[in-house]
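*Asks:* curious how this folds, go ahead:
(one chain, ligands or ions: 1)
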Amino acid sequence: MINLCVYASGSGSNFIELHRYSQKLDSSFCLKLLISNKLNCGAVEYAKNNNIKYEIIKIGSYSNYQIYVDSMLSCLNINNINLIALAGFLRKVPEEIIEKYNQRILNIHPSLLPKYGGRGFYGMNVHRAVIDSGEKKTGITIHFVDKEYDKGPIIYQEEVSVLNGDNPEELSSRVLKVEHRAYKMVIESLIKNNFKFQNRIIKED
Ligand code: GRF
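*Replies:* Residues are numbered from 1 along each chain as shown. Predicted structure coming up:
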């Protein structure tokens, strides 16, 4: 069984979806831990109400960066975490963790990377930029995390149409539905294939 840790800072809908799935009999992973940098967020609220172990790890609570990284590492070790899924985590994952969990950290992003990725492209900003640029298609990207923001090897992309008159909230809610379905499916398939990843999959709508 794979022990999954989700990192989230926001409403946590992807985290919730992964947790619900992990409780099914045919799940290959167990959602062991939530790491967040925010005490007051939907993800932590859900973890509290559902008896999921969570840790609030905020850089500002440590006297230096190394202690922050060490405490994150020891938290992952104690919980025997072998896979990490970022789901709206609004901080950079420390390089030491990226090295240690090489090809074992995934991220989900609400656009077709490399478009609308990188610094500043998070939350509604992404969908607003897509609409303002007159794109007809957007989508989701699931990729491995490496040292450069939103640039790790792409595993899976799925397109979502931008409809006439869409506002960022409407577009976001359709994109999120696709995220919820795809994240667990991609994690399952990586685990079943022993993390052997060959070609990225692009699904057109
Ligand atoms: C999602 O759109 C995800 O792609 C991005 O942040 C958002 C998180 O949403 N990285 P939620 O907190 O899972 O609802």
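*Asks:* return the residues of this protein in contact with the ligand.
*Replies:* 8, 10-15, 87-88, 108-110, 176, 179 (C-beta under 6 Å from any ligand atom). Where C-beta positions appear, they are placed from N, C-alpha and C, glycine not excepted.
*Asks:* where does the protein get nearest to the ligand, residue-wise?
*Replies:* Nearest to the ligand in the chain, going by C-beta to the nearest ligand atom, is Gly88, at a distance of 2.7 Å.
*Asks:* related to what we said a few turns ago, dump the residues of the chain next to the ligand to CSV, plus pLDDT.
*Replies:* Formatted as CSV, these follow (pLDDT from 0 to 100):
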residue, pLDDT
Ala8, 98
Gly10, 96
Ser11, 97
Gly12, 98
Ser13, 98
Asn14, 98
Phe15, 98
Ala87, 98
Gly88, 96
Ile108, 98
His109, 97
Pro110, 98
Leu176, 98
Glu179, 98
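*Asks:* can you classify the closest residue to the residue of the chain closest to the ligand other than its chain neighbours by secondary structure?
*Replies:* Closest residue to Gly88 in three dimensions, ignoring its sequence neighbours and counting by C-beta to C-beta, 6 or more residues apart in numbering: Gly10, at 4.1 Å. Assigned with DSSP: H, G, I helix; E, B strand; the rest coil, Gly10 falls in the coil class.
*Asks:* residues near Gly10, how many?
*Replies:* 18 (other C-beta atoms under 10 Å).
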